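Peer 1: Got a sequence here, can you model it:
(2 chains)
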Amino acid sequence: DSGVTQTPKHLITATGQRVTLRCSPRSGDLSVYWYQQSLDQGLQFLIQYYNGEERAKGNILERFSAQQFPDLHSELNLSSLELGDSALYFCASSPDSGTEAFFGQGTRLTVV
Amino acid sequence: KNEVEQSPQNLTAQEGEFITINCSYSVGISALHWLQQHPGGGIVSLFMLSSGKKKHGRLIATINIQEKHSSLHITASHPRDSAVYICAAIYGGSQGNLIFGKGTKLSVKP
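Peer 2: Numbers count the residues shown, from 1 in each chain, chains lettered A, B, ... in the order given. Purely as a prediction, here's the structure:
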């Protein structure tokens, strides 16, 4: 158990809908990272938050947004969902940007 | 363009064999991650290293900064080692700038 908790584990939704994925980092970790793993693209970095502020942005679509709350948990919001958004979404956390990150178990999103 | 290449893509071994998975990257990095992804999908961080060698149990990771190359070795392989092994290069000192390899799918037969 990495100490990073993601909910829900599985999510099935229809095209055009909006979903929210939640991540609770390890106790004391200030950095939260979101990654997407799809069959054709592999693992890709989406976005990083550090202590509530956006720190780095990767290949995140405009339909996607994230935030980190004062208690350091983070949410990834995916809207106007398309079939191609079906993927595993991972959250990871670390004490700061330069240290090793620990991954949650992922949320498997299926868009039908 | 920052790229990470892994080889082989697929690897089948007999229990007890010594296994090597290779990772090369295109430009200078600050560190490299080795990750293990089990069939259920969960990802476990195995090593993060920026120089030399690290060992944990039967797993050994090495990195050669000059050659832009890292290897993950598994000694006395076991069927429970069957998983996808992913290397990820960290550029610019931040975990946020992780560029992932496509993974090596390892299957260890009893």
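
Peer 1: Would you confirm that residue A:91 contacts residue A:103?
Peer 2: Yes - between residue A:91 and residue A:103 there is a contact under C-beta atoms under 8 Å: 7.4 Å. Just so you know, the C-beta spots here come from the backbone N, C-alpha and C atoms, and that holds for glycine as well.

Peer 1: Span of stretch B:22-36 from start to end?
Peer 2: Stretch B:22-36 stretches 14 Å from its first residue to its last (C-alpha to C-alpha, to the nearest Å).

Peer 1: mind listing what's buried in that stretch?
Peer 2: B:23-25, B:29, B:31-36 (16 or more other C-beta atoms under 10 Å in any protein chain shown).

Peer 1: Ok, stretch A:10-24 next?
Peer 2: Those would be A:11, A:13, A:19, A:21, A:23-24, for stretch A:10-24 by 16+ other C-beta under 10 Å.

Peer 1: what two of those are the furthest from one another?
Peer 2: Across the buried residues of stretch A:10-24, the longest distance by C-beta to C-beta is 21.7 Å; it joins A:13 and A:24.

Peer 1: For the residue positioned nearest the centre of chain A, give me its contacts.
Peer 2: Centrality entry for chain A: nearest residue to the mean C-alpha point is residue A:34, 3.4 Å, by C-alpha atoms, centre = their mean. By C-beta atoms under 8 Å, 6 or more residues apart in numbering or on different chains, residue A:34 lies in contact with A:23, A:45-48, A:60, A:66, A:74, A:76, A:89-91.

Peer 1: helix/strand/coil for it?
Peer 2: Following DSSP: H, G, I helix; E, B strand; the rest coil, residue A:34 is assigned to strand.

Peer 1: tell me which residues form a beta bridge with it?
Peer 2: residue A:47, residue A:91 (DSSP bridges).

Peer 1: closest to residue A:112 among the buried residues of stretch A:10-24?
Peer 2: residue A:13 (7.4 Å).

Peer 1: And the closest residue to that closest one other than its chain neighbours, how close does it get to chain B?
Peer 2: Among residues not flanking residue A:13 along the chain, residue A:19 sits closest, at 5.5 Å (C-beta to C-beta, 6 or more residues apart in numbering or on different chains). Using C-beta to the nearest C-beta, to the nearest Å, we find residue A:19 at a distance of 18 Å from chain B.

Peer 1: Test my guess that residue A:23 contacts residue A:104.
Peer 2: Yes - counting by C-beta under 8 Å, residue A:104 is a contact partner of residue A:23 at 6.1 Å.

Peer 1: anything in contact with each of those two?
Peer 2: A:4-6, A:91.

Peer 1: All the strands of chain A, in order from the start?
Peer 2: A:5-7, A:10-13, A:19-24, A:31-38, A:42-50, A:53-57, A:64-68, A:74-78, A:87-94, A:102-103, A:107-111 (DSSP state E).
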